[in-house]
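Engineer: any chance you can model this:
(3 chains)
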Amino acid sequence: MIISEIRDYLGHFFPGIELHGASDMIITGPAKIEDARSGEVSFISNEKYVRFLDTTSASLVIVGSSVPLDAYIEKTSFIRVRDPYTAFMLLLQRFSKPRSVALPGIADTAMLGSNVRIGSNVAIGDYAVIGDRCSIGDNVVIGPHAVLLHDVSVGNDTVINPHVICYDGSVIGCRVIIHSGSVIGADGFGFAPQADGSYLKIPQMGIVEIGDDTEIGANATIDRATMGSTVIGRGVKIDNHVQIAHNCRIGDHTVIAAQAGISGSVTLGSFCMIGGQAGLAGHLELADRTHVAAQAGISKSFLQQGVSLRGYPAQPMREQLKQEALVRGLGSMKARLDALEAEVRLIRKS
Amino acid sequence: MIISEIRDYLGHFFPGIELHGASDMIITGPAKIEDARSGEVSFISNEKYVRFLDTTSASLVIVGSSVPLDAYIEKTSFIRVRDPYTAFMLLLQRFSKPRSVALPGIADTAMLGSNVRIGSNVAIGDYAVIGDRCSIGDNVVIGPHAVLLHDVSVGNDTVINPHVICYDGSVIGCRVIIHSGSVIGADGFGFAPQADGSYLKIPQMGIVEIGDDTEIGANATIDRATMGSTVIGRGVKIDNHVQIAHNCRIGDHTVIAAQAGISGSVTLGSFCMIGGQAGLAGHLELADRTHVAAQAGISKSFLQQGVSLRGYPAQPMREQLKQEALVRGLGSMKARLDALEAEVRLIRKS
Amino acid sequence: MIISEIRDYLGHFFPGIELHGASDMIITGPAKIEDARSGEVSFISNEKYVRFLDTTSASLVIVGSSVPLDAYIEKTSFIRVRDPYTAFMLLLQRFSKPRSVALPGIADTAMLGSNVRIGSNVAIGDYAVIGDRCSIGDNVVIGPHAVLLHDVSVGNDTVINPHVICYDGSVIGCRVIIHSGSVIGADGFGFAPQADGSYLKIPQMGIVEIGDDTEIGANATIDRATMGSTVIGRGVKIDNHVQIAHNCRIGDHTVIAAQAGISGSVTLGSFCMIGGQAGLAGHLELADRTHVAAQAGISKSFLQQGVSLRGYPAQPMREQLKQEALVRGLGSMKARLDALEAEVRLIRKS
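Structural biologist: Numbering: from 1, shown residues only, chains lettered A, B, ... in the order given. Have a look, this model is predicted:
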């Protein structure tokens, strides 16, 4: 793209965009400001990166309203925009080539069961295994070694990366991305304790349903329901190593960071943010827009919207921070107690 | 099954069972009370679900002794039993069809090494790889893409799901279930620090042994011993993402919830329950029937049976809850200290 | 090896080594002192194992300077050395046979893309998939079902175990070991929040670079950079289930225990030790030789070398242990406060 084309493209999203400097150079791709070479575009959204303007070889830099440009305008072009970060992300999207995890068509070594329905323009990689009665939408990419057991349905434009496993009956939406090593629909962890202390396996007869536009990281697990469905909403973002147990319901556009664990039958609202390594006990409910801090342990429901939770057992942020401050102040409390005891002893003696 | 057959079947486990309402309807399967359709059986074991009796279409509902039935007996049949939850689980077992992760026989694309012993009635899926001198028992199911390296033995009636990896020498018992993505027998994390700060790898020459009737969730890891065996007892239940390090010994019928981590050379007793995301430091021992709360961090041995542990560093439940209450009361302690200081100041002035 | 050969071999590392007892017996392999049979070598580096000298059948035992040998010299030979643990590890190395996860050569069922460069003496297992333009060094072992997407390079003498996935562009050093189920180079967890609360995926265009002599456990994940590289240094040891997010930089010879999570853009120094289940928030930096306790939560940078951190939010060990002691002492503080209040009440009354 030529610089002027980039200006026009971003102008659709940001009216009133300004281009400073040369407009006719060809931009070959994006780079970090400290690494960019001639012909590349970069951005500054954090003031501490302004210093790199002295040394960068970037040909175009996307900046916000506060960066002074006069000293650099000779060697670098600038686009000034309200939100340089988002503008740069839009350019990243433009420059990114879709990763090809499988060639168009169905690899000779892919194994398809009986009565499989395959949409148009799919790519199914080497050694993929697809069970009976699966339904694969249009433009779906299934990487090498992915396994879909029987009766799995995959919506249009979804990408199943190599080594993903979807157990039988899983329902995957459209435009979903699932990264390698994730396991969708393994048995929930359900056992009935017996009189002798051993456990009887409770059959896990339900399925997993994953909504449109959801992304699931690497090595995550989402267990099938005992009965009914474990439901992941639309636009949900699930990071690596996340555990979602049987019969959970995750609301739309909720984000769950790496290594968080959601116990069985939890209901999460929409637009929640769950921090890394946080844990939620079973059968609880969090309202829409709940924020859970990293490593927090949630032991009960919080039904008011927009609450931030932290600590173990977790409580609303303000109470928790107050409590943490009190703990940090324990040394001085103890010193005050010591002094007071001494004083009272003195008073009694007098 | 017809309702009267269900009554007779459950009657074997629960003498004195009562059937109320029609007995001749065909029941096609189980469902949750709020979802059940005509012809389905459901259950109520929690009072808050009684309200669904007004609206459910279930043809048969398993209930406990306290649910009043008169208002519903016209449209629904009931079986009254001491423990409706377990009764329903028994029905789930009856209605569940075994999941078929591989067709009977050995898939053409499965690769078998030399001197492999295969029992009768096995199912080995596409692209499974089985190393030299492996021994596979009767009725074993090995899913597509499972890999057994050399000298692995698998007992009768065990199910190895797709994409499970068993490193060389692993010994898997009978009636074991291992879910997708789990890795059995990878190297323990053992390194000897060198004078220059780098690490020398300690060869991990042992194996993993897994007892009968154990179930291992998805994406779990059980490392091989440095020498000897990492031992998982009989009837152990291990959830998704659990880490069991080298040389651990896990007692029979112990349950370990998702994302818990057991460090090297830990010995766990029998009938223990380890909560989700709990962590156990290396070389410690917990006695039989120890309960570890979710997210607890165990830093030393607890050798008395039946102790409940919580917190970091974990301590017996009662002490820990007392301590947590004291922390929650810190605000009022501080207020009392403030008041007392003011009072003493007053006394001194007077 | 004959006992005298073992003495000579260890003598290269430990001058002044002493052999007591018979020197001509053939030693067939290593074993734990409590398990060792005739013909095997064992060691004692911890006094509590001295008692096994009464009963062991080991033919040779490596001991330190403090173990008295006179009572056992009849039946057992001994090598006395300053550091019996390291000496025994050196013997383990000598006795260990390299695990063969794939036969020499390229399996017929391995799929190679176009323009793949393969070094000499490689072993590539069944159903391995190697993308276009990959470069595989000399003596590399790639296990069955491993998947390298396009443009991956693997250095000499590296072992990629079964079911490892390396996304496109990954750069793996020499003498690296990656265990099963690990995912190298999946997309970083980067999303730009939109005005309606949904998220725009930020393309993850960077790669992962892994230095020489690094070992990565089972089911670990290392995400690719958004731009540039996620960098794992030389000699790094990463345990099972570890999460390393996009754009992290991990210094040489740093050790990260199981289930620890490193958030995006974290910079770790060299020779650090990160405990199991520890979590590091994004964009922070830890200096060389920082120790992080298990389950700690690091919320900010610590730029001084050699600091030990613990707790949540983590602080230097001494402050944290002091604070934990104060919390444990809260009951007695409360009792003192109660007593003092009573006393002041008495004083006021008088």
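Engineer: and A:Phe43, what element?
Structural biologist: Per DSSP states H and E: A:Phe43 is located in strand A:40-44.
Engineer: which strands and helices sit next to that strand?
Structural biologist: Applying 3 or more C-beta pairs under 8 Å, 6 or more residues apart in numbering or on different chains; DSSP states H and E, one finds that strand A:40-44 contacts strand A:29-30, strand A:60-63, helix A:84-95. Where you see a C-beta, it was placed from the backbone N, CA and C, and this is true even at glycine.
Engineer: relative to chain C, which of those is closest?
Structural biologist: helix A:84-95 (4.7 Å; C-beta to the nearest C-beta).
Engineer: just the C-alpha atoms of the closest one, please, in PDB.
Structural biologist: In PDB, the C-alpha atoms belonging to helix A:84-95 read as follows (Å, rounded to 0.1, in the frame of the first residue of the first chain):
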ATOM      1  CA  PRO A  84      -3.200   5.300  17.000                       C
ATOM      2  CA  TYR A  85      -3.300   1.900  18.600                       C
ATOM      3  CA  THR A  86      -6.500   0.800  17.100                       C
ATOM      4  CA  ALA A  87      -5.500   2.500  13.800                       C
ATOM      5  CA  PHE A  88      -2.300   0.400  13.700                       C
ATOM      6  CA  MET A  89      -4.300  -2.800  14.600                       C
ATOM      7  CA  LEU A  90      -6.500  -2.100  11.500                       C
ATOM      8  CA  LEU A  91      -3.300  -1.900   9.400                       C
ATOM      9  CA  LEU A  92      -2.100  -5.100  11.000                       C
ATOM     10  CA  GLN A  93      -5.300  -6.700   9.800                       C
ATOM     11  CA  ARG A  94      -4.700  -5.400   6.300                       C
ATOM     12  CA  PHE A  95      -1.200  -6.600   6.100                       C
END
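Engineer: just the helices and strands packed on strand A:40-44: most buried one?
Structural biologist: Ranked by mean neighbour count, those are led by strand A:60-63 with a mean of 27 (mean count of other C-beta atoms under 10 Å in any protein chain shown).
Engineer: what about the closest residue in space to A:Lys237 that isn't next to it in sequence, neighbour count?
Structural biologist: In space, A:Lys237 comes closest to A:Val255 once its chain neighbours are excluded; the distance is 4.6 Å by C-beta to C-beta, 6 or more residues apart in numbering or on different chains. As a burial measure, A:Val255 scores 22 neighbours (other C-beta atoms under 10 Å in any protein chain shown).
Engineer: again, but for A:Gly228
Structural biologist: 18.
Engineer: so where is chain A shaky, pLDDT-wise?
Structural biologist: A:98 (pLDDT under 70).
Engineer: what separates the residue in the stretch 51-200 of chain A that chain C sits nearest to from C:Met227, distance-wise?
Structural biologist: The minimum distance from the stretch 51-200 of chain A to chain C, using C-beta to the nearest C-beta, falls at A:Ser96 (3.7 Å). For A:Ser96, the distance to C:Met227 (C-beta to C-beta, to the nearest Å) stands at 11 Å.
Engineer: more neighbours: the two, which one.
Structural biologist: Between A:Ser96 and C:Met227, counted using other C-beta under 10 Å, the more crowded position is C:Met227 (23 against 15).
Engineer: isn't the more buried one right up against A:Gly29?
Structural biologist: No. Using C-beta atoms under 8 Å, C:Met227 makes no contact with A:Gly29, being 9.4 Å away.
Engineer: which parts of chain A belong to which domain?
Structural biologist: Listed by automatic domain parsing, the domain ranges of chain A are A:3-95, A:105-320, A:324-350.
Engineer: what residues does the stretch 1-150 of chain A put near chain B?
Structural biologist: Neighbours of chain B within the stretch 1-150 of chain A, by C-beta under 8 Å from any C-beta of the partner chain: A:Met111, A:Tyr127, A:Val129, A:His145, A:Val147, A:Leu149, A:His150.
Engineer: and those, which of them are in strands?
Structural biologist: Those of the residues of the stretch 1-150 of chain A next to chain B mapping onto strands are A:Met111, A:Val129, A:Val147, per DSSP state E.
Engineer: now do the strand holding A:Phe43: distance to the chain's middle.
Structural biologist: 25 Å (C-alpha atoms, centre = their mean, to the nearest Å).
Engineer: alpha carbons of that strand, in PDB - could you do that?
Structural biologist: The C-alpha trace of strand A:40-44 is given here as PDB (Å, rounded to 0.1, in the frame of the first residue of the first chain):
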ATOM      1  CA  GLU A  40       7.700  -0.100   7.100                       C
ATOM      2  CA  VAL A  41       4.900   1.500   9.100                       C
ATOM      3  CA  SER A  42       4.900   1.700  12.900                       C
ATOM      4  CA  PHE A  43       3.000   3.500  15.700                       C
ATOM      5  CA  ILE A  44       3.400   5.300  19.000                       C
END
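Engineer: next, the angle from it to helix A:84-95.
Structural biologist: With axes from the mean of the first three to the mean of the last three C-alpha atoms, to 10 degrees defining the directions, strand A:40-44 sits at 160 degrees from helix A:84-95.
Engineer: which residues does strand A:40-44 contact?
Structural biologist: By C-beta atoms under 8 Å, 6 or more residues apart in numbering or on different chains, the residues outside strand A:40-44 that reach it are A:6, A:27-33, A:36, A:50, A:52-53, A:56-64, A:67, A:84-85, A:87-88, A:91.
Engineer: ok so, going back, tell me how many other residues surround the residue nearest to the residue of the stretch 51-200 of chain A closest to chain C when sequence neighbours are not counted.
Structural biologist: Counting by C-beta to C-beta, 6+ apart, C:Pro203 is the residue found nearest to A:Ser96 once chain neighbours are left out, at 3.7 Å. A count of nearby residues for C:Pro203, using other C-beta under 10 Å, gives 22.
Engineer: was I right about C:Pro203 contacting A:Arg99?
Structural biologist: No. Using C-beta under 8 Å, C:Pro203 makes no contact with A:Arg99, being 9.4 Å away.
Engineer: re the thing from before, can you redo the helices and strands packed on strand A:40-44 as CSV with distance to A:Ile262?
Structural biologist: Listed next are the helices and strands packed on strand A:40-44 as CSV, based on distance: least, C-beta to C-beta, whole Å:
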stretch, distance to A:Ile262
strand A:29-30, 35
strand A:60-63, 38
helix A:84-95, 28
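Engineer: among these, which is nearest C:Ser180?
Structural biologist: C:Ser180 lies closest to helix A:84-95 among those, at 32.8 Å (C-beta to C-beta).
Engineer: need the contact partners of the very next helix or strand once past that closest one.
Structural biologist: Once the chain leaves helix A:84-95, the next helix or strand it forms, by DSSP H and E, is strand A:105-106. With contacts defined as C-beta under 8 Å, 6+ apart, strand A:105-106 is touched by A:Leu112, A:Ile118, A:Val122, A:Ala123, A:Ile124.
Engineer: again with stretch A:65-72
Structural biologist: A:His20, A:Ile44, A:Glu47, A:Val50, A:Leu53, A:Asp54, A:Val63, A:Phe78, A:Arg80, A:Arg82.
Engineer: if you set the cut-off to 10 Å instead, what comes out?
Structural biologist: A:18, A:20-21, A:44-45, A:47, A:49-50, A:53-54, A:56, A:58, A:61, A:63, A:76-78, A:80-82, A:84 (C-beta atoms under 10 Å, 6 or more residues apart in numbering or on different chains).
Engineer: mind listing the helices for the stretch 251-350 of chain A?
Structural biologist: Counting by DSSP state H, counting those that start in this stretch, the stretch 251-350 of chain A has helices at residues A:317-328, A:330-349.
Engineer: pipe these into JSON lines and attach mean neighbour count per row.
Structural biologist: Below are these laid out as JSON lines (neighbours: other C-beta atoms under 10 Å in any protein chain shown):
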{"stretch": "helix A:317-328", "mean neighbour count": "15"}
{"stretch": "helix A:330-349", "mean neighbour count": "14"}
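Engineer: got JSON lines for the ones you listed, with distance to A:Leu103 too?
Structural biologist: Below are these laid out as JSON lines (distance: least, C-beta to C-beta, whole Å):
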{"stretch": "helix A:317-328", "distance to A:Leu103": "50"}
{"stretch": "helix A:330-349", "distance to A:Leu103": "64"}
